[in-house]
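In: sharing a model that was predicted from the sequence below.
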Amino acid sequence: MTTELATADQPQHPSPVDPHGHSKARIAHWNAIVATGLLPSHVKDGRTAYAIELYGEMLGIHPMRAMTGIVVIKGKPTISAELMHSLIRERGKPYRFDVLERSKTRSAIRVQRAESSEPVEYEFTIEDAKTAGLAGSPTYKAYPAAMLFARCVSIVGRCEFPDIIGGAYVEGELSTTVETAEIEVVEID
């Protein structure tokens, strides 16, 4: 019995971590895009961008949509409330998603998945934000209705649509400071 050692002439098998063998090329690709300044400031290098691309791929979204909607905090992917909300609306059908209240003191949402017999209501209040130590942040002070709605959407996402959001958190749920774009407040009828 002879044992052959792999040589440079023999084809190498891809790493189990990178089964397609293309991570170096993708990281180089993203490094070039990072250098243009086109990506959000939290995407500082090609490795971060590639990780975000892979997470976005798992969620079934375009890489550039992933760059603007996913932030890695302490090794965990977080999704903007806007991206989470749109994924639920795009992919959670048929279902019910009613915004019951969106104010500076309370956000409430009623949801019902097609396979559920009864709708379920979720809320997040300014008192909940105070208890969690969130209400004192500059963002909460400037945009309380948007922040309460974002937290309420994340609760709905994790409780009712984990298959759609991939178990991600919403930005701000993990305790750290991350530079993000200004929140756009959009009224929902």
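Out: Good, I have the coordinates.
In: what's in contact with the helix or strand where A35 lies?
Out: Using DSSP states H and E, A35 sits in helix 23-36. With CB atoms under 8 Å, 6 or more residues apart in numbering as the test, helix 23-36 has contacts from V17, L39, V43, K44, D45, G46, R47, A49, Y50, E53. C-beta: built from backbone N, CA, C; applies to glycine.
In: stretch 139-154 now?
Out: For stretch 139-154, the external contacting residues (CB under 8 Å, 6+ apart) are 80-81, 84-85, 88, 99, 102-109, 122-126, 128-129, 134-135, 169-173, 183, 185.
In: now, of those, which are buried?
Out: 80-81, 84-85, 88, 99, 102, 106-109, 122-126, 128-129, 134-135, 169-173, 183 (16 or more other CB atoms under 10 Å).
In: out of these, which are inside strands?
Out: With DSSP state E as the criterion, strands contain V99, R102, R106, S107, A108, I109, Y122, E123, F124, T125, Y169, V170 from among those.
In: from R102, how far out is the fifth one?
Out: Yep, that's A108 we're talking about. Distance, A108 to R102, by CB to CB, to the nearest Å: 8 Å.
In: model confidence for Q12, exactly?
Out: Looking at Q12, its pLDDT stands at 49.
In: er, A114 I mean
Out: pLDDT recorded at A114 is 83.
In: hmm, it is touching Y95, no?
Out: Yes: counting by CB atoms under 8 Å, A114 touches Y95, with 5.7 Å between them.
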